[in-house]
Structures are given as C-alpha cells and as structure tokens.
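Q: Kindly return the folded structure for what I paste below:
(one chain, ligands or ions: 1)
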Amino acid sequence: MGLFTILRSVPGTFTTMFVIERPFLNQILNHLQDCYPEEGCGLVAGDEMGRVTAVYPIENSLRSPTAFQMNPQQQLQTMLALEANGWQLLAIYHSHPHGPETPSVTDVQQAYYPDALSMIVSLANQVTPTVRLFQIAKSIVIEKKIKVV
Ligand SMILES: [Zn+2]
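A: From the prediction side, this is the model:
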C-alpha cells in the first residue's frame, strides 16, 4: 500500500468534463518531447465548461529528469493572461520522461492548486506517450477522463 490511492472517476461526481482539441494536446506532447529527457511542465487554460482554450508551456526551473518547478515569472505572466481572458486554470501538465504515468508522492504533496487538475504524460514509450489526468486534493487522487475532440 502506497502513501496514496488512485480512485476511479465516479460518474456523476463532476459537473464538467475535460475536453481538449487535438491540436492543444499535440502542443503539450511536442513541448514535453522537446524537454526530454528532462521533465517539462506547463499550464492549461479553459472556460467554465471545462473546454481547453489555450496551452502555455512553462520553463522547468529545475532542469531535472525527475522533478519540475515552474519558472515563477512565466507562471505569473500566464496567470495574468488567463485572468485577462476570463479563463480558468484547468490543469497543470508535466512529464515523467521514464514513466510512470501516475502522480509521484512529490506530485501529491506539492499539489498547491487543488482546483486545477494534474495532467501527467509518460514518455516511457516515446512513440506513443501516455496521458492521464488526475484531481489531487488533500492526498486524495481521483482519475479524470480526458475527451479529445
Ligand atoms: Zn511528477
């Protein structure tokens, strides 16, 4: 038994669904592959319906293959851009260059934005990256469905 358990998304628990258009998902995947073998990270903006409106790659200040910390200045500028557009912070994405595609203990401990989902991309298989989405709040991890349109 680990320090946290991943729960399956329960139908009806959430009013919104995470909907992302293929070009936005590709933007995320391309950025993370550019960062490989270091972890890459960024922010996903969206509207109140849970539909992605923009993707913002952020520099990983740690330049590490096993950890990330968003460049504070870029992060702040992005948050201001979101506010100016009337968008919400839907998700924070980052890669695990060598997997797994589930949150690490550090990811759970450092989930400072409980309202934002955590998108984790494993590049263990570089040709077909694995993308999973989690809601992390108070050490409870719930997997969310991603709808690619
Ligand atoms: Zn992680």
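Q: can you count the residues close to the nearest residue to residue 63 once chain neighbours are set aside?
A: Setting aside the residues directly before and after it, residue 63 is nearest to residue 38 in space (C-beta to C-beta, 6 or more residues apart in numbering), at 5.6 Å. From N, CA and C alone the C-beta is placed, and that goes for glycine too. A count of neighbours around residue 38, defined by other C-beta atoms under 10 Å, yields 18.
Q: go on, residue 75?
A: Counted with other C-beta under 10 Å, the neighbours of residue 75 add up to 19.
Q: again with residue 5
A: Residues near residue 5, counting by other C-beta under 10 Å: 10.
Q: need the contact list for the closest residue to it other than its chain neighbours.
A: When the adjacent residues along the chain are set aside, residue 5 lies closest to residue 141, with 6.9 Å between them (C-beta to C-beta, 6+ apart). Going by C-beta atoms under 8 Å, 6 or more residues apart in numbering, residue 141 touches 4, 5, 6, 7, 103, 108, 134, 135.
Q: residues in contact with the residue nearest to residue 63?
A: By C-beta under 8 Å, 6+ apart, the contact list for residue 38 reads 60, 63, 64, 65, 97.
Q: Make a ChimeraX selection of the buried ones in these.
A: Here is the ChimeraX command that selects the buried residues among the contacts of residue 38 (16 or more other C-beta atoms under 10 Å):
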select :60,65,97
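Q: Grab the nearest non-local neighbour of the residue of the chain found nearest the ion.
A: The shortest separation between the chain and the ion is 4.1 Å, found at residue 107 (distances taken as C-beta to the ion). Sequence neighbours aside, residue 118 is the residue nearest to residue 107 in space, at 6.4 Å (criterion: C-beta to C-beta, 6+ apart).
Q: Can you get me a residue count around that neighbour?
A: Using other C-beta under 10 Å, the number of residues around residue 118 comes to 21.
Q: does the residue nearest to residue 63 count as helix, strand or coil?
A: For residue 38, the assignment made with DSSP: H, G, I helix; E, B strand; the rest coil gives coil.
Q: Now, the contacts of residue 38 that are in strands?
A: The strands, defined by DSSP state E, take in nothing from those.
Q: For the residue nearest to residue 5, pull up the helix or strand it's in.
A: Counting by DSSP states H and E, the element that carries residue 141 is strand 140-144.
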